[in-house]
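> here's my sequence, what's the structure:
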Amino acid sequence: MQRPLLSLHSVLEALELDAACISLLEQTPEYQEFIHADTPEAIYNAIRTIGSVLNASQQANQLAENLEERINIISHKLKFIADENKPKAVFFRDVSPISIVEDGYLANLIRIAGGIHQTEILTGESNPDLLIIFNEKPISQLLTELPQALSTWAQTQAVTNNQIYIIHHPGYLRRPGARVADDTEILAEIFYPKYFVFGRDADVWMKFDWQ
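Residues are numbered from 1 along each chain as shown. Next comes the predicted model:
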């Protein structure tokens, strides 16, 4: 499973610090630890460490607390949902050729947002409720390729129930960093639209209606 590195740019931007600080962070003894942060708790600690190194502890503590509070709201709302009622989701980097995401950061957020991360389609008991595609190409190209791919997965519950989503903004759900709360909220509103409305369908994701 891949482990994407912490986005230092997103953290420095959130702390209103210059990107030139990255070279300083790379020279610190703590660098190898915080650069691999891929859970919310590890990201909060990484932000605080970065703030300490760059003499921005107050801003870093406030940022970490805000991110934690936002994610805790989601966790608390979903804590009584049984596993058998959680949506199973498969994530793709591409559909032509097929490239399924196996990403430790994403897997952690899916769990927090109340989903079940699957890495196979129609294998054994695998039958996803949602298909979510990270678009890395022109949207017009993806929309041309999707119908053929979806016909291959016509037996899945996701396709049968028209639950196909596209993450088209390249700045979200790709790497851990200061957008960890945004990323969790995006997944939560896709998984549980009756529980959460953050409005990120306006700029980050879209539902693909193929039927």
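
> for Thr156, what are phi and psi?
The phi/psi pair for Thr156 (degrees, to the nearest 10) reads phi -70, psi 150.

> ditto for Lys207
Note on Lys207: backbone dihedrals following degrees, to the nearest 10 are phi -90, psi 130.

> lowest confidence element among the helices and strands of the protein?
Ranking every helix and strand in the chain by mean pLDDT, DSSP states H and E puts strand 98-100 at the bottom, with a mean of 83.

> relative to Ile47, how far out is Ile112?
According to Cβ to Cβ, to the nearest Å, Ile112 and Ile47 sit 17 Å apart. Glycine gets a C-beta too; all of them are placed from N, C-alpha and C.

> which other helices and strands contact the least confident helix or strand of the chain?
Here strand 98-100 touches strand 88-95, going by 3 or more Cβ pairs under 8 Å, 6 or more residues apart in numbering; DSSP states H and E.

> looking at Ile112 and Ile47, which one has more neighbours?
Higher neighbour count among Ile112 and Ile47: Ile47, with 29 against 19, using other Cβ atoms under 10 Å.

> report pLDDT for that one.
pLDDT, Ile47: 98.

> from Leu150, how far out is the residue of the chain most remote from its centre?
Note on the chain: the largest C-alpha distance from the chain mean falls to Asn55, namely 29.3 Å (Cα atoms, centre = their mean). The gap separating Asn55 from Leu150 is 52 Å, by Cβ to Cβ.
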